[in-house]
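Asks: Provide a 3D model corresponding to the input given below.
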Amino acid sequence: MKKLILIRHAKSSWKYDVIDHQRPLNNRGETDVELVSNHLADSLSAPDLVMASDAVRTRSTASVFIKNLNIKKDIVQFSYDLYDFSGENLVKTIKRCNDDVSTLMLFGHNHAITSFANAYGDRYIENVPTCGVVVIEFNIDAWEDLNQGKTLRTVFPKDLKH
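Replies: All right, here's what the predicted structure looks like:
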């Protein structure tokens with residue numbers, strides 16, 4: 001069995017004159033990532049590997065999860081390949097993952113995250129929102145055999161706000 005914890009980066013800011021790759025989180029994004037990561041701190045299985053896009057907003061989102069979930073920094077990898085919106089590189093990256101990894105936590109971008117969740121999970125999600133988490137379990141031994149899995153859980157910021 002393999003488990004994938006997919007996380008879309010938190011809400012980013014458009015107020016700075018920077019290229020897309022350099023956009024930081026906005027205030028709501030910073031609040032949401034604290035809210036979601038703290039909510040999951042006691043219930044999420046510890047990942048064997050964390051992979052994230054190297055975009056500023058994704059690195060920032062991953063950093064808060066890493067801190068709040070007490071994830072060891074030596075299992076974290078940042079990659080430009082995951083600065084992917086179509087989902088093609090996302091799927092390739094997952095399929096290339098070492099089979100010693102049972103639980104993979106991956107931070108990325110939309111449309112890739114929503115597209116992957118709908119293609120490989122068993123529950124339709126119209127849109128994975130910023131800082132949304134989707135956990136999918138696969139009945140496989142090798143990541144390269146990635147196929148239809150079971151969507152175990154979704155956690156979206158709006159579900160945690162009263």
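Asks: I'd like to know how many residues surround Val134.
Replies: 25 (other Cβ atoms under 10 Å). Quick note: C-beta positions are derived from backbone N, CA and C, even for glycine.
Asks: so who does it touch?
Replies: 5-6, 113, 117, 121, 125, 128, 151, 153-154 (Cβ atoms under 8 Å, 6 or more residues apart in numbering).
Asks: go again using 7 Å as the cut-off
Replies: 6, 117, 121, 125, 128, 151, 154 (Cβ atoms under 7 Å, 6 or more residues apart in numbering).
Asks: Of the residues you listed, which belong to helices?
Replies: Residues of the contacts of Val134 located in helices (DSSP state H): Ala117.
Asks: Put together TSV for the contacts of Val134, with distance to Asp74 and pLDDT on each row.
Replies: TSV is the format used below for the contacts of Val134 (distance: Cβ to Cβ, whole Å; pLDDT from 0 to 100):
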residue	distance to Asp74	pLDDT
Leu6	22	98
Ala117	28	98
Gly121	29	97
Ile125	32	97
Val128	28	98
Thr151	30	98
Thr154	29	97
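Asks: Which stretches in the chain count as strands?
Replies: 2-8, 49-53, 76-79, 103-108, 133-138, 150-155 (DSSP state E).
Asks: Rebuild those strands as JSON lines, extending it with distance to Arg28.
Replies: JSON lines is the format used below for the strands of the chain (distance: least, Cβ to Cβ, whole Å):
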{"stretch": "strand 2-8", "distance to Arg28": "14"}
{"stretch": "strand 49-53", "distance to Arg28": "20"}
{"stretch": "strand 76-79", "distance to Arg28": "23"}
{"stretch": "strand 103-108", "distance to Arg28": "17"}
{"stretch": "strand 133-138", "distance to Arg28": "16"}
{"stretch": "strand 150-155", "distance to Arg28": "16"}
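Asks: Figure out which of the ones you listed is closest to Glu88.
Replies: Shortest distance between Glu88 and the strands of the chain, using Cβ to Cβ, is found for strand 103-108: 11.9 Å.
Asks: Just give me the neighbour total for the residue lying closest to Thr58 once chain neighbours are set aside.
Replies: Take Thr58 and drop its neighbours on the chain: the residue closest to it by Cβ to Cβ, 6 or more residues apart in numbering is His9, 4.3 Å away. By the criterion of other Cβ under 10 Å, His9 has 27 neighbours.
Asks: Alright, I will stop here.
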